[in-house]
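1. this one's sequence-less:
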Ligand SMILES: [Zn+2]
């Protein structure tokens with residue numbers, strides 16, 4: 001692994017840790033709220049647990065998406081393919097990766113994808 005990839009990996013791991021911590025903290029808050037609102041604090045109440053989990057999921061959809069992008073990028077590193085566009089196989093410029101360490105597509109493919117999804 002070259003120095004640049006190593007540096008990006010450290011960035012990604014740090015960002016992943018922060019996101020996981022955030023998601024876990026918010027999950028605890030929701031669990032506590034769900035228990036208070038049910039008035040019984042019955043943790044075996046699966047329906048309400050599931051409901052609060054869904055709520056948490058919706059609120060954290062953005063974070064979850066970022067987390068997924070980070071996991072993807074880390075997988076590319078593990079595969080030795082980090083910095084290579086997932087779609088066209090060309091090298092992603094280092095400036096782009098520095099700006100968005102979780103990028104797995106080059107700018108051209110990214111904008112092409114966005115056009116197609118519109
Ligand atoms: Zn590309």
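-> Received the coordinates, thanks. Computed from a predicted structure; not experimentally measured.
2. From now on I want contacts and neighbour counts done on CA atoms only, so please keep to that.
-> OK.
3. helices or strands next to the helix or strand where residue 74 lies in the packing?
-> Element membership of residue 74, judged by DSSP states H and E, is helix 61-78. Applying 3 or more Cα pairs under 8 Å, 6 or more residues apart in numbering; DSSP states H and E, one finds that helix 61-78 makes contact with helix 3-38.
4. orientation of the helix it packs on relative to helix 61-78 in degrees?
-> 150 degrees (axes from the mean of the first three to the mean of the last three Cα atoms, to 10 degrees).
5. May I see the buried residues of helix 3-38?
-> For helix 3-38, a neighbour-count test (16 or more other Cα atoms under 10 Å) marks 5, 8-9, 12, 15-16, 19, 23, 26-27, 30-31, 34-35 as buried.
6. any low-confidence regions in the chain?
-> 27, 30, 37-50, 52-59 (pLDDT under 70).
7. how about the residues of it near the ion?
-> When proximity is defined as Cα under 5 Å from the ion, the chain approaches the ion at 85, 88, 106, 109.
8. In contact with the first one: list those residues for me.
-> If I follow you right, that is residue 85. Neighbouring residues of residue 85 by Cα atoms under 8 Å, 6 or more residues apart in numbering: 91, 92, 104, 105, 106.
9. go on, the second one?
-> When the contact criterion is Cα under 8 Å, 6+ apart, the partners of residue 88 are residue 109.
10. And what about it, helix, strand or coil?
-> Assigned with DSSP: H, G, I helix; E, B strand; the rest coil, residue 88 falls in the coil class.
11. Just want the phi and psi numbers for it.
-> phi -110, psi -10 (degrees, to the nearest 10).
12. same thing with the first one?
-> Listed backbone geometry of residue 85 is phi -60, psi 130, with angles given as degrees, to the nearest 10.
13. What sits closest to it if chain neighbours are left out?
-> Spatial nearest neighbour of residue 85, excluding adjacent residues (Cα to Cα, 6 or more residues apart in numbering): residue 105 at 4.5 Å.
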